[in-house]
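S.K.: Dropping the sequence and predicted coords here.
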Amino acid sequence: MTAKNTICLWFNGDAEEAARFYAATFPDSAVGAVFRAPADFPSGKAGDALVVAFTVCGVACIGLNGGPAFRHSEAFSFQIATDDQAETDRYWDAIVGNGGQESDCGWCKDRWGLSWQITPRVLTEALAAGGAEAGRAFAAMMTMRKIDVARIEAARRG
């Protein structure tokens, strides 16, 4: 069944490689159909992967190999909720260790330029608590790249 709403992500010829990486990295993720171009197109040849259907943590996506005209930006990101430091480390290390780059406050970018927020639930819960607890957790987060669960928990306690 095709989803009613699907996220379309623009790639420069490597949508299938990215989709396979996401499927191997995140649970409830898979590569679906790969639609091949029936004829040459501005950034590829007949038979090249044109559109790749995939899911990331259950979210329907397609990768469109549209060429170099458009690049990803931080205006779009996947936010992955994690349950503990081990899960946070696993996803962060997979993205950054596969040619990606670290950023601030739990954000990183994969080698294809897509932004990811690897966000431990403890941080989200602290911010939802409001008040001084949220302020302390927020201040701690602002000093981090990858989120340190133990430091967020300590900040919550004061």
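M.R.: Now that the structure is in, tell me what you want to look at.

S.K.: contacts and neighbour counts: CA atoms only from here.
M.R.: Fine.

S.K.: Any buried residues in whichever strand or helix holds Tyr91, and which?
M.R.: Element membership of Tyr91 [criterion: DSSP states H and E] is helix 85-97. Neighbour counts over helix 85-97 (16 or more other CA atoms under 10 Å) mark 88-89, 91-96 as buried.

S.K.: Switch those over to a markdown table; also include pLDDT and distance to Ser103.
M.R.: Listed next are the buried residues of helix 85-97 as a markdown table, based on pLDDT from 0 to 100; distance: CA to CA, whole Å:
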| residue | pLDDT | distance to Ser103 |
| --- | --- | --- |
| Thr88 | 98 | 14 |
| Asp89 | 98 | 14 |
| Tyr91 | 98 | 14 |
| Trp92 | 98 | 11 |
| Asp93 | 98 | 13 |
| Ala94 | 98 | 15 |
| Ile95 | 98 | 12 |
| Val96 | 98 | 10 |
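
S.K.: ok, those vs Trp10, which is closest?
M.R.: Trp10 has its nearest neighbour among the buried residues of helix 85-97 in Ile95, at 18.3 Å by CA to CA.

S.K.: From the buried residues of helix 85-97, pick the one nearest Thr119.
M.R.: Nearest to Thr119, judged by CA to CA, of these is Thr88 at 7.3 Å.

S.K.: The nearest residue to Ile152 once chain neighbours are set aside: how many residues sit nearby?
M.R.: What sits nearest to Ile152 in space, not counting adjacent residues and going by CA to CA, 6 or more residues apart in numbering, is Ala137, at 5.5 Å. Look at Ala137: counted by other CA atoms under 10 Å, it has 25 neighbours.
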